[in-house]
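*Asks:* here is a sequence with its predicted model. Questions after.
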4 protein chains.
Amino acid sequence: MCKTDKRDDILSAAMELMAEQGFHGAPMAMIADKAGVGAGTIYRYFENRDVLIRDVYHMIYDEFVSFLLNRYPTDRPVRECFFHIGKGIIDYLIRNPLKFRYTEQFHNSPYGLEFRKLKLSNDTGEFDFGRDLYYKGLKHQVIKEIPLPIFFDLAFAPIFWAVRDHHTGFVVIDDALAEVIVSSCWDSIRI
Amino acid sequence: MCKTDKRDDILSAAMELMAEQGFHGAPMAMIADKAGVGAGTIYRYFENRDVLIRDVYHMIYDEFVSFLLNRYPTDRPVRECFFHIGKGIIDYLIRNPLKFRYTEQFHNSPYGLEFRKLKLSNDTGEFDFGRDLYYKGLKHQVIKEIPLPIFFDLAFAPIFWAVRDHHTGFVVIDDALAEVIVSSCWDSIRI
Amino acid sequence: MCKTDKRDDILSAAMELMAEQGFHGAPMAMIADKAGVGAGTIYRYFENRDVLIRDVYHMIYDEFVSFLLNRYPTDRPVRECFFHIGKGIIDYLIRNPLKFRYTEQFHNSPYGLEFRKLKLSNDTGEFDFGRDLYYKGLKHQVIKEIPLPIFFDLAFAPIFWAVRDHHTGFVVIDDALAEVIVSSCWDSIRI
Amino acid sequence: MCKTDKRDDILSAAMELMAEQGFHGAPMAMIADKAGVGAGTIYRYFENRDVLIRDVYHMIYDEFVSFLLNRYPTDRPVRECFFHIGKGIIDYLIRNPLKFRYTEQFHNSPYGLEFRKLKLSNDTGEFDFGRDLYYKGLKHQVIKEIPLPIFFDLAFAPIFWAVRDHHTGFVVIDDALAEVIVSSCWDSIRI
DNA sequence: AATGAATGAGCATTCATTCAT
DNA sequence: CATGAATGAATGCTCATTCAT
């Protein structure tokens, strides 16, 4: 009934359609239809298509991060923190295939590049588990001395690719395999 | 001036424009212009836009694989083979930013999904360095017992992400760092 | 705070926005905003956009005519009456650029055509300084024997064009120049 | 058959529709229809709608000026030159009602303002009958000492308004009346 | 074979108007 | 009475594809 309802309907419809059909395959009219609103209504909540696309991403991103930080074992050893995050990523993305597809597309588009640059330049001071793991790991001399972005790539790239393989049907990631994957990533960054 | 010349001109023009501007930013007319041919001519060599996009990918893919297999040390230990491939990937993709951008876009699009599914079902029997490393590694008990796709993800995902970071300007990958990256990937798959 | 207040607010807002941005550049929502009322409220006072546009014109027109007839020297010679009107037009339109712009736009649009046709057919019998000057002038044989509309064109067209040039910045009309212009118009109609 | 044909068809269709319905009442699709071409075709000849509108004006303007300068009696007295122009304007605009309506709309729009400013600043050195009359008239001391724009307004504004009245049906301008009108305009500018 | 002008379906966006509150 | 969120028809423009030359 409230404003937020309709906005959320639009965000969800956009996310699902764009995840399934790609950014190109989801015209505004189709999104409006799926959201059960008039085409013009979208523009009450989002200035234009680009803003909508970015806002869908931020919705997913916020939910994702908040899921990962839930019960984050800040005070435990880095290794344990890393396993929490790694397995959390797999867990979340396997249970949310559309959100996974959406973010993959987003990252690999002009929007994604812009987002990364923004993140790099604007250090907002918010808690960032990537940096947290990196700096703690360095301090306690449990991870290799490599640049932060490379740390990130080694630690998480295989996880995302593995989830993609899961959704494509190449493998089935169960708990055991998830453990192996995260553990292997750990092997690549630990000293 | 033979048929093949024109075909190659079109492939190159399409690759460059799409890498620079994205798939959306490269209309057929612009590609034709850059290739120095008429718009209609493209359709003599490629059934439609989708076919062109896929053929550009195959062109890049074939050249890439052939580069990697050049001087591939088949008879040497798996570790050495892996380093040859890993460092080859970094070397090639850093020297060919447009081809890298093109493939990244391709992989992250409906085309990429389709391509992967095709590869899964059609086992063409051609030599495949991924499978070669995997099966040899298993046979000699130097790599972990994990499914082939996961092996692939652990071995190569960080490398592609690192190259992306290089092109984005987040890090500079020199020979030393390349060595570290490939070595870390090896750490994640070796027993 | 009575009904009329709001109606006037809407008329003023519409006049200003349309004068500044053109008819096209002033959507109903913007007018409502500027008038400090809800978008729907406009439709309580004006059946639709066309009616609003016409009513704004009538508001300006009435005020304009009433200004011109203030101290109109009915009993003095035609020449004096003409100078009163001519200089009044210049005076009023130079001090009210927005109203000038609005009427110019109005006259030069389907609305203007319709308005003129209406005026032609509906002779309302109200006092009309144009007719007054014309018939008195004819009676006293001080103006040429020409059709009324042509009299009107000769007498006033240059004045309106000159005011436009003033607002565009092509000339600056001061009192002396105003005198020259009106005097020249008189030259064109007098015997 | 040649390129120009289609371009001209589009110009004519646009001119007629916009003259009859106003700029707003002539969508690109309607223009394309009337011109007997596809909607997209318009954009091969005109970058966008604004350019089309301006180009239609220039087409009319060039033809109009060329008509007026045909048999222009350069070597004869200013008065004779003025009568040639004045009567030419009436003649041309009465025989071309759509072109008249189009130019009236154009002049009274942002396009028209832009055009006037351009003309004022860019003195292209081309022959301009307005300036010719003005400077010759001043030199021979047959016209009043007034600014050029005011000269223009006095000389031509009534003519355009009269033509408008003719097309609206307020008066019928025959040769005799045309003579009277031009003669009266002359009265307003001559010494 | 090669061309490139022509096509028209498709899309993002705007805005006059309505109507539930 | 007043509101302003919602609507959806309308429009300018793009671009993959065709086809006459």
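*Replies:* Looks like it arrived, so ask away. Residues are numbered from 1 along each chain as shown, chains lettered A, B, ... in the order given.
*Asks:* check which helix or strand the residue nearest to the spatial centre of chain A maps to.
*Replies:* Centroid-nearest residue in chain A, with Cα atoms, centre = their mean: A:Tyr61, separated by 5.3 Å. When elements are assigned from DSSP states H and E, A:Tyr61 belongs to helix A:49-69.
*Asks:* one step back: isn't the residue nearest to the centre of chain A up against A:Thr103?
*Replies:* Yes - A:Tyr61 is in contact with A:Thr103 according to Cβ atoms under 8 Å; the separation is 7.5 Å. All C-beta spots, glycine's among them, are computed from the backbone N, C-alpha and C.
*Asks:* tilt between the worst-scoring helix or strand of chain A on mean pLDDT and helix A:49-69?
*Replies:* The weakest-scoring helix or strand in chain A, judged by mean pLDDT, DSSP states H and E, is helix A:110-121 (a mean of 80). Taking axes from the mean of the first three to the mean of the last three Cα atoms, to 10 degrees, helix A:110-121 and helix A:49-69 form an angle of 50 degrees between their directions.
*Asks:* and helix A:110-121, what other elements does it pack with?
*Replies:* In terms of contacts (3 or more Cβ pairs under 8 Å, 6 or more residues apart in numbering or on different chains; DSSP states H and E), helix A:110-121 is packed against helix A:49-69, helix A:97-107, helix B:148-168.
*Asks:* now these as TSV including mean pLDDT and distance to B:Asp5?
*Replies:* Output for those, formatted as TSV (pLDDT from 0 to 100; distance: least, Cβ to Cβ, whole Å):
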stretch	mean pLDDT	distance to B:Asp5
helix A:49-69	96	40
helix A:97-107	94	36
helix B:148-168	96	30
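*Asks:* out of these, flag the one nearest DNA strand E.
*Replies:* Closest to DNA strand E of the helices and strands packed on helix A:110-121 is helix A:49-69 (Cβ to the nearest atom of the strand; 3.4 Å).
*Asks:* show me what that closest one is packed up against.
*Replies:* Against helix A:49-69 (3+ Cβ pairs under 8 Å, 6+ apart) you get helix A:3-21, helix A:78-95, helix A:97-107, helix A:110-121, helix A:129-139.
*Asks:* same thing but 7 Å
*Replies:* Helices and strands touching helix A:49-69, by 3 or more Cβ pairs under 7 Å, 6 or more residues apart in numbering or on different chains; DSSP states H and E, are helix A:3-21, helix A:78-95, helix A:97-107.
*Asks:* any chance of those in TSV, plus distance to DNA strand F and mean neighbour count?
*Replies:* Output for those, formatted as TSV (distance: least, Cβ to the nearest atom of the strand, whole Å; neighbours: other Cβ atoms under 10 Å in any protein chain shown):
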stretch	distance to DNA strand F	mean neighbour count
helix A:3-21	4	18
helix A:78-95	30	19
helix A:97-107	19	20
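*Asks:* one step back: give the buried residues for the least confident helix or strand of chain A.
*Replies:* A:Tyr111, A:Gly112, A:Phe115, A:Arg116 (16 or more other Cβ atoms under 10 Å in any protein chain shown).
*Asks:* let me know the closest of those residues to chain C.
*Replies:* Of all the buried residues of helix A:110-121, A:Tyr111 has the smallest distance to chain C: 29.6 Å, by Cβ to the nearest Cβ.
*Asks:* just to revisit the earlier point, now the residue nearest to the centre of chain A: how far from D:Arg116?
*Replies:* Distance of A:Tyr61 to D:Arg116, computed by Cβ to Cβ, to the nearest Å: 53 Å.
*Asks:* what does A:Asp132 give?
*Replies:* From A:Asp132 to D:Arg116 the distance is 65 Å (Cβ to Cβ).
*Asks:* list the contacts for A:Arg54?
*Replies:* Counting by Cβ atoms under 7 Å, 6 or more residues apart in numbering or on different chains, A:Arg54 makes contact with A:Tyr111.
*Asks:* what is the nearest of the buried residues of helix A:110-121 to C:Asn70?
*Replies:* Closest approach to C:Asn70 among the buried residues of helix A:110-121 (Cβ to Cβ): A:Tyr111, at 63.5 Å.
*Asks:* domain ranges for chain A, per the record?
*Replies:* A:1-46, A:57-189 (automatic domain parsing).
*Asks:* how about the first one, does it get close to DNA strand E?
*Replies:* Yes - using Cβ under 7 Å from any atom of the strand, we find that domain A:1-46 touches DNA strand E at A:Pro27, A:Met28, A:Ala29, A:Ala39, A:Gly40, A:Tyr43.
*Asks:* that domain and chain C, any residue contact?
*Replies:* No - for domain A:1-46, no contact with chain C is found by Cβ under 7 Å from any Cβ of the partner chain; the gap never falls below 11.1 Å.
*Asks:* how about that domain and chain B, any contact?
*Replies:* Yes - judged by Cβ under 7 Å from any Cβ, domain A:1-46 and chain B are in contact via A:Gly22.
*Asks:* rewinding a little: let's have the helices and strands packed on helix A:49-69 in TSV, adding distance to chain D.
*Replies:* Below are the helices and strands packed on helix A:49-69 laid out as TSV (distance: least, Cβ to the nearest Cβ, whole Å):
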stretch	distance to chain D
helix A:3-21	25
helix A:78-95	43
helix A:97-107	30
